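> whatever this is, show me its structure:
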Amino acid sequence: MAYLKLYRDKLRDNYNYLDNLFKSNDIKWGITTKLLCGNTDYLKEVADLGIGEMHDSRISNLKKIKEIDSEVLTIYIKPPPKDIIESVVKYADASLNTELSTLHALSKEAQRQGTVHKVIIMIEMGDLREGVMREDLITFYEKVFELPAIKVIGIGTNLNCMHGVMPDEDKLIQLALYKQIISLQFDKEIPLVSGGTTVTIPLLLRNQLPKGINHFRVGEALFFGKDLFSDGTIEGMHNDVLELYSQIIEIAEKPKVPSGDLGKNPQGKVASIDKDEYGKTSYRAILDIGYLDINPDHLINIHDDVKVADASSDMLILDVGDNKNNYEVGDFIRFRMKYMGALGIMNSDYIDKIVE
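Numbering: from 1, shown residues only. Sure, this is the predicted structure:
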């Protein structure tokens, strides 16, 4: 059976790198755990790092985090759906918000539960995902400050996740200025300017992060060491905290070109034929994973002699050339993964998750 392995030491190394980076710049941060899809063992590994703040976009995952460590500050990181308001107040110490009607519901529910719910108001800064439009900001905050059981702890923004809009000094300076304007206008202390995610870390490393940005929400950099500006790995971090192992279930020398009339396969694609390959053969290995687990485009080869040919719903086909490494049925092939690939694997019940 295929399995995903999390390397505890590498996770710890990446955590220490980020924690030192943020602490040396007086920045608070929390770990975004939505990649882990609520896997209890992996959530425990993250909680054991000593982080005091964890973020997720599923309330069931925040509930698990609270069961693992009730002292961890939990943040629900997207505008909450109305039908889970009760659970958001119960399991999330804070949430990211953009809708007044949702904030009214959160305030009402917080009053019912005898608590105060903390919120970070998200501002639209160009990437066109969640966020209050900037021209509506003052009016929006004015109404939020009137809610009896809501405490505004921050202003924030999300960049890069929808249209790939990159953070820059101008956008982040604007975000920090909005915080100052609102604080002065309403005589309110707003502690956090949550302008940073993985994509913003290179700005911090290049000393291009405006001083007003004092809070980061980080997931991808922790698990992949990813530099989203260069598409490489941040120097000093690991890119292989997670690796996928999948077993060979068939290996045979076969023609490189299919034979017979070609129609669309279940993915809606028609195979293209390279006539130069007629009459040639190579060893093709079949692995016990497929599209239901991961899109092959999201796999990263570790073995130089392995080339991903394609996949069907539950099998991945590799071209291993002349099989110079003598792969056999039962051997495991390792892969690293892109973020979206790892997300699919984490969400697959067919893949075991282990820790080393």
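
> now the strands for the stretch 251-356 of the chain?
With DSSP state E, counting those that start in this stretch as the criterion, the stretch 251-356 of the chain has strands at 281-287, 299-301, 307-311, 316-319, 332-337, 352-355.

> nearest to Tyr7, of those?
Of all the strands of the stretch 251-356 of the chain, strand 352-355 sits nearest to Tyr7, with 8.1 Å by Cβ to Cβ. Heads up, the C-betas are built off the backbone N, CA and C, glycines and all.

> elements contacting that closest one?
strand 3-6, helix 40-47 (3 or more Cβ pairs under 8 Å, 6 or more residues apart in numbering; DSSP states H and E).

> partners of it in the sheet?
When pairing is defined by DSSP bridges, strand 352-355 lines up against strand 3-6 (parallel).

> coming back round to it: with mean neighbour count and mean pLDDT as extra columns, can I get the strands of the stretch 251-356 of the chain in CSV?
Formatted as CSV, the strands of the stretch 251-356 of the chain follow (neighbours: other Cβ atoms under 10 Å; pLDDT from 0 to 100):
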stretch, mean neighbour count, mean pLDDT
strand 281-287, 20, 96
strand 299-301, 17, 94
strand 307-311, 17, 93
strand 316-319, 21, 96
strand 332-337, 19, 96
strand 352-355, 14, 97
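
> re earlier: how about TSV for the helices and strands packed on strand 352-355, with mean neighbour count added?
Below are the helices and strands packed on strand 352-355 laid out as TSV (neighbours: other Cβ atoms under 10 Å):
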stretch	mean neighbour count
strand 3-6	19
helix 40-47	18
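
> quick one, which of these is nearest to Thr115?
Per Cβ to Cβ, nearest to Thr115 of the helices and strands packed on strand 352-355: helix 40-47, 22.6 Å.

> one step back: make a markdown table from the strands of the stretch 251-356 of the chain and add distance to Glu109 to it.
What follows is the strands of the stretch 251-356 of the chain, written out as a markdown table (distance: least, Cβ to Cβ, whole Å):
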| stretch | distance to Glu109 |
| --- | --- |
| strand 281-287 | 48 |
| strand 299-301 | 43 |
| strand 307-311 | 45 |
| strand 316-319 | 46 |
| strand 332-337 | 38 |
| strand 352-355 | 34 |
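
> so the residue located most distally from the centre of the chain versus Ala252, what's the distance?
Within the chain, the residue lying farthest from the chain centre (Cα atoms, centre = their mean) is Gly279, at 44.7 Å. According to Cβ to Cβ, to the nearest Å, Gly279 and Ala252 sit 17 Å apart.

> one more: Asp187?
According to Cβ to Cβ, Asp187 and Ala252 sit 75 Å apart.

> could you do Asp349 as well?
To Ala252, Asp349 is 30 Å away according to Cβ to Cβ.

> quick one, which of those two is more surrounded?
More crowded of Asp349 and Ala252, by other Cβ atoms under 10 Å: Ala252, with 11 against 7.

> follow-up on the earlier one: so which of the strands of the stretch 251-356 of the chain is nearest Thr33?
If we rank those by Cβ to Cβ, the stretch that ends up nearest is strand 352-355, at 13.6 Å.

> hang on, the earlier thing: the strands of the stretch 251-356 of the chain: which one's closest to Leu137?
Using Cβ to Cβ, the nearest of these to Leu137 is strand 332-337, at 38.6 Å.
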